[in-house]
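Q: Sequence and predicted structure, then a few things I'm wondering about:
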Amino acid sequence: MNENQQQNNEQQEQQQEQVETVAKSKYDTLVAELEKVKTKLPKELTEEEKALQEKQKELFDKEIQLTLKENGLEQFKDIVKVANDDELKETIKKLNKIVNNIKIEVGYIPEDHKQVTAYEQAKQKGDTKGMIKSLFGFN
C-alpha cells in the first residue's frame, strides 16, 4: 500500500503543479491588467493639493460675488451656481435680461396721465363744431 499511496501523492502533486501552472499564467495576465487599471485611477491628493483646490474654489466664489455685484445682481448670489467663467458670463446675461424685463413690466405708469383727445381740446376751447367733427371722425 505504500506504493499506492506514494503514487497517489505523486499524481496529486502533478495535478496541483498543472493547476498552479495554469493559474500562474492567468495570474500574470490579471496582474498586468491590474497595473494598467491602477495607472488610470486618479491619485489621491496630498494635503497641499487639497488646500490649493480649496483656495481656488474660494477665489472663484469671490469672483462670482464681485461679478454679480458689478452687474447689480448681488441678490442672486445664493442661487447662482456655476463651474467656470463661461457659465458665469452666460448666467449674468440671462439674469440681466430677466431683470430688465421685470423692470419694464413693473415700470411706473401714471394713472392720471391721459392723452387729450380732439373732442376734449375742442370742448376746452368751447368749439362745438370741433366737438362734433371729432365725434364723427372728420378731424
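A: In hand now; what should we look at?
Q: contacts and neighbour counts: CA atoms only from here.
A: Will do.
Q: give me every residue that touches Gln115.
A: Contacts for Gln115 (C-alpha atoms under 8 Å, 6 or more residues apart in numbering) come out as none.
Q: what separates the residue nearest the centre of the chain from Ile64, distance-wise?
A: For the chain, the residue sitting closest to the mean C-alpha position, by C-alpha atoms, centre = their mean, is Val82 at 5.1 Å. Plainly put, Val82 is 8 Å away from Ile64 if you go by C-alpha to C-alpha, to the nearest Å.
Q: Need the overlap of contacts for the two.
A: With C-alpha under 8 Å, 6+ apart, Val82 and Ile64 have common neighbours Leu88.
Q: While we're on the residue nearest to the centre of the chain, how confident is the model there?
A: pLDDT, Val82: 89.
Q: Spatially nearest residue to it (excluding sequence neighbours)?
A: Leu88 (5.9 Å; C-alpha to C-alpha, 6 or more residues apart in numbering).
Q: Can you list phi and psi of that neighbour for me?
A: phi -60, psi -50 (degrees, to the nearest 10).
Q: cool, Lys43 as well?
A: phi -80, psi 150.
Q: Now do the same contact list for it.
A: Under the criterion of C-alpha under 8 Å, 6+ apart, Lys43 has no neighbours.
Q: That one and Gln5, how far apart?
A: 54 Å.
Q: cool, and Gly126?
A: As defined by C-alpha to C-alpha, Gly126 lies at a distance of 139 Å from Gln5.
Q: same check, this time on Glu44
A: Separation of Glu44 from Gln5 (C-alpha to C-alpha) stands at 55 Å.
Q: Ok, Asn100 next?
A: Separation of Asn100 from Gln5 (C-alpha to C-alpha): 96 Å.
Q: same deal with Asn84?
A: Between Asn84 and Gln5 the computed distance is 75 Å (C-alpha to C-alpha).
Q: Lys24 too?
A: Using C-alpha to C-alpha, Lys24 is found at 28 Å from Gln5.
Q: next one: Gln121
A: For Gln121, the distance to Gln5 - C-alpha to C-alpha - is 131 Å.
Q: Please apply the same query to Asp61.
A: 78 Å.
Q: Repeat that for Ile79.
A: In terms of C-alpha to C-alpha, Ile79 sits 80 Å off from Gln5.
Q: Great, nothing more from me.
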